[in-house]
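# just the structure for this:
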Amino acid sequence: MIPQEIIDRILDRVDIVEVISGFVPLKKTGRNFKACCPFHNEKTPSFVVSPDKQIFHCFGCGAGGNAIGFVMKYENMDFPESVKMLAAKAGVELPVYEKRSKETVSLAGQLYEVNKIAASFFQNNLHSEKGRRALEYLKKRGLDSSSISKFRIGYALDEWESLREYCTSKKIPADLLRKAGLAIPSEKGKGDYDRFRNRITFPIFNERDHIVGFGARVMDDSLPKYINSPETVIYNKSNILYGLNFSRKFAREKGYVIIAEGYLDVIIPSQHGVTNVVAASGTALTPAQVAMLKKYTDTAVMVFDADQAGEAASLRGLDVLIEKGMRVRIAALPKGDDPDSFVRKKGKEAFEGALEQAKDLFDYKLDLLVEKYGMGDIGRIADEMLPTISRISNLVVQSSYLKKMAERLGVHEQSLRIEVKKVKPGYSYHHEDTSKAGMPKNNNLNSSESYLLGLAILDKKMYNKIKSEVGLDLFHDENVKKAMMAAGEMFKKLDEISPGKLLSRLENDENAKRTVVAAVEKVDIENSNKEKMLADCILSLKKENRDAKLKDLTFRLKEAQRSNNGIKIKDLLSKINKIHKERVA
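As a prediction, the model looks like this:
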């Protein structure tokens, strides 16, 4: 619904270098800027940002696009959200549209809205007469009013249908409450009842500050202590880290993120000025969660209490951090303490002191295992250590750890090197690498079609020559054809087009966008003689098409000869001879 001229105005006003440098540190190299790609693990920078073309392109994983595309991918936003963010940055006012009916709003959008309404309802309950006990409980736990407001903490009344009745008054359908996980159908078939009752509610936010679900805690010793929203269209606990929406900026600024366990382990430290904390909410870290953290920092400090830190099993789940290239340190708090209780009792400085004493995961785990098994059981120590070491992708670092381990255990280093190669990755760590997902299947970057597309985008005269001498019919790659057609529409009004603006016309087609970025970069690299490149590519494309026609006609001729169709044989021979004469000419 956003007009193209508004999108173009935004792209004119924002500088892609400025936008991306707000997320990724860029280094100038010639006309362009480079960095290690934020979308896949790499040691040598292959991520290039071009201020001239206003596009980015990673030569490693193939990611590419304009400023809007970068924000969408990096911040995991949809197109309208990204445009809105950059419009605010550029000072461009977006048109205001009439609110769409609920039928036209996506299910995800509806769930975000109903969760927002529920959070407000719970907040109001907390500050009502019925919520007095809950508010007093929170204050006894050390929460002040600013934290309660910031994290939107609320209270679900000790009633069966209070939220459902409130939502009914707001004309929110019952099935939407069920889909959001806020209501549960009665087993007796008498309608729905509220999932959360007589509990403190903690809204769970995604990175974009949308409420995707809730955690709810009792105020006494009854069990279960916590219940959470079920997984929904918008809530998958494997893709959420509690508090990341608040802490991501500070994790980037401080250079590391603190990973704790529960909601209050984020809220209380934040209240005292420790603002780079997230919580895994009692689940093992997943590759998706680590990938989210990697966008902001490459260092994680895990905070365990003495009991957790004393269990090697607690450390096994951290291998996924190592596998993703994160540096991991372990901070152990006194027995019975977690970040919530420790900060309340001893304050920010003492907590930061404990963080400074954090050990490297390798050292911590090795110390723990030696203490647990003793030097008489080197085999068991190796069984626990080698799977962790095997997941370190940097072979130099891996080698240094093997050497250190050999020295500590008094064994031959070579024997450890042999054993580490036998380690089979655990199934739980296998995950699909999506860094190259969506790459054009038929886009051969060495083909004449790709070169011609790049030349056409960069020069209107070349586009016109390609159109007059070749036309679009000879292009077989659908992504190239789409991009050429979009460029043609732009050239009707403009003498020059920006690759960045061309990408905005292909916003719904990732394959076509990747094709454009790759084609422009390929031509720009091999720019010694664009006129000769143009002539060679046109000749090559014509030859490819002639060869394809000859192949097809030859096949059809053999079919005609098998069926002894004299008329068809004569016609096909005539067409084949005509093509051969054209080739000679």
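
# ok, now how distant is the spatially closest residue to R252 that is not a sequence neighbour from S247?
Distance criterion Cβ to Cβ, 6 or more residues apart in numbering; nearest residue to R252, sequence neighbours excluded, is Y296 at 4.5 Å. Yep, even glycine has a C-beta here, placed from its N, CA and C like the rest. Using Cβ to Cβ, to the nearest Å, Y296 is found at 8 Å from S247.

# so for those two, which residues contact both of them?
Common contacts of Y296 and S247 (Cβ atoms under 8 Å, 6 or more residues apart in numbering): V257.

# so where do the helices sit in the stretch 401-550 of the chain?
Applying DSSP state H, counting those that start in this stretch to the stretch 401-550 of the chain gives helices spanning 413-422, 448-458, 460-469, 478-491, 499-504, 510-525, 530-562.

# figure out which of those is closest to G273.
Closest approach to G273 among the helices of the stretch 401-550 of the chain (Cβ to Cβ): helix 499-504, 40.3 Å.

# let me know the average pLDDT across the closest one.
Mean pLDDT, computed over helix 499-504, is 86.

# for the residue nearest the centre of the chain, give me the pLDDT.
The C-alpha lying nearest the average C-alpha coordinate of the chain belongs to N76 (Cα atoms, centre = their mean; 5.4 Å). pLDDT for N76: 74.

# isn't it up against H210?
No - in this structure N76 lies outside contact range of H210 using Cβ atoms under 8 Å: 10.8 Å.

# contacts only, for I466.
So I466 contacts L452, L455, A456, M484, L534, I538 (Cβ under 8 Å, 6+ apart).

# ranges for the strands of the stretch 151-300 of the chain?
154-156, 183-185, 192-194, 199-205, 211-217, 226-228, 257-260, 277-279, 299-304 (DSSP state E, counting those that start in this stretch).

# quick one: the closest residue to K467 other than its chain neighbours from A456, how far?
Nearest non-adjacent residue to K467, counting by Cβ to Cβ, 6+ apart: G488, 7.1 Å away. Counting by Cβ to Cβ, the gap from G488 to A456 is 9 Å.

# more neighbours: those two, which one.
A456 (27 against 16; other Cβ atoms under 10 Å).

# now do the same contact list for the residue nearest to that one when sequence neighbours are not counted.
Of all residues not flanking A456 in the chain, Y463 sits nearest, at 4.0 Å (Cβ to Cβ, 6+ apart). Counting by Cβ under 8 Å, 6+ apart, Y463 makes contact with L455, A456, I457, M484, A487, G488, F491.

# which of the residues you listed count as buried?
L455, A456, I457, M484, A487, G488, F491 (16 or more other Cβ atoms under 10 Å).

# which of these sits closest to S50?
Nearest to S50 among these, with distances taken as Cβ to Cβ, is I457, at 12.5 Å.

# hang on, the closest one packs against E521?
No - if you go by Cβ under 8 Å, I457 and E521 don't touch, sitting 11.0 Å apart.

# L472 is nearest to which of the strands of the stretch 151-300 of the chain?
Among the strands of the stretch 151-300 of the chain, strand 211-217 sits nearest to L472 (Cβ to Cβ), with 44.4 Å.

# avg pLDDT for that closest one?
Mean predicted lDDT for strand 211-217 stands at 95.

# what's around D571, how many residues?
D571: 15 neighbours (other Cβ under 10 Å).

# shaky segments in the stretch 401-550 of the chain?
424-446, 507-508, 524-528 (pLDDT under 70).

# recalculate using a threshold of 90.
Confidence mapping of the stretch 401-550 of the chain against pLDDT under 90 gives the ranges 410, 420-456, 458-459, 462, 466-483, 487, 491-550.

# check for me that K348 belongs to a helix.
Yes - counting by DSSP: H, G, I helix; E, B strand; the rest coil, K348 is part of a helix.

# give me the distance between it and G262.
19 Å.

# surely A487 meets I497?
Yes - using Cβ under 8 Å, A487 is in contact with I497, at 6.2 Å.

# mutual contacts of the two, please.
I457.

# just to revisit the earlier point, just put the buried ones among the contacts of Y463 in CSV and tack on distance to I569.
Below are those laid out as CSV (distance: Cβ to Cβ, whole Å):
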residue, distance to I569
L455, 42
A456, 41
I457, 45
M484, 37
A487, 43
G488, 41
F491, 45
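
# how close does S498 get to A487?
Separation of S498 from A487 (Cβ to Cβ): 11 Å.

# and if you look at K422?
Distance, K422 to A487, by Cβ to Cβ: 54 Å.

# swap in R546?
Remark: distance between R546 and A487 (Cβ to Cβ) = 25 Å.

# just L163 next, same as before
Distance from L163 to A487, by Cβ to Cβ: 53 Å.

# next up, the contacts around F70.
F70 makes contact with I16, V19, I20, F23, F56, according to Cβ under 8 Å, 6+ apart.

# likewise for S229?
A180, G181, L182, R195, I204, V212, G213, F214, G215, Y235.

# quick one, which of K348 and G262 is more surrounded?
Legend: neighbour count by other Cβ under 10 Å for K348 and G262, higher for G262 (21 against 13).

# isn't the more buried one up against D338?
Yes - assessed by Cβ under 8 Å, G262 is found in contact with D338 at 7.1 Å.

# show me where the stretch 251-400 of the chain has helices.
So, for the stretch 251-400 of the chain - with DSSP H, counting those that start in this stretch - the helices run 263-271, 287-294, 306-309, 312-316, 319-323, 339-356, 361-373, 378-390, 395-409.

# point out the most buried one among those.
Comparing these by mean neighbour count (mean count of other Cβ atoms under 10 Å), helix 263-271 comes out on top with a mean of 25.

# looking at the helices of the stretch 401-550 of the chain, which is closest to S106?
helix 510-525 (19.0 Å).

# excluding sequence neighbours, find me the nearest residue to the residue nearest to the centre of the chain.
Nearest to N76 is E207, by Cβ to Cβ, 6+ apart, at 5.9 Å.

# list the contacts for the one you found?
Applying Cβ under 8 Å, 6+ apart to E207 gives the contacts E75, N76, L244, N245, R248, M292.

# my read: the fifth one touches Y296, true?
This points to R248. Yes - the pair R248 / Y296 is scored as a contact, 4.9 Å apart, by Cβ under 8 Å.

# what's the domain layout of this protein?
4-90, 107-235, 239-437, 438-585 (automatic domain parsing).

# distance to V96 for these - can I get that in JSON lines?
Shown next, in JSON lines, are the domains of the chain (distance: least, Cβ to Cβ, whole Å):
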{"stretch": "domain 4-90", "distance to V96": "12"}
{"stretch": "domain 107-235", "distance to V96": "17"}
{"stretch": "domain 239-437", "distance to V96": "26"}
{"stretch": "domain 438-585", "distance to V96": "21"}
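
# quick one: which of those has the weakest pLDDT on average?
domain 438-585 (a mean of 79).

# off-centre distance for that one?
34 Å (Cα atoms, centre = their mean, to the nearest Å).

# could you number the chain from 26 rather than 1 from now on?
In the new count, where the first residue is 26, that last one comes out as domain 463-610.

# and A143, how far from R220?
Taking Cβ to Cβ, one finds A143 at 10 Å from R220.

# now for those two: what residues contact both?
Residues touching both A143 and R220 by Cβ under 8 Å, 6+ apart: L207.

# which one's more surrounded, the two?
Between A143 and R220, counting by other Cβ under 10 Å, A143 is the more crowded of the two (27 against 22).
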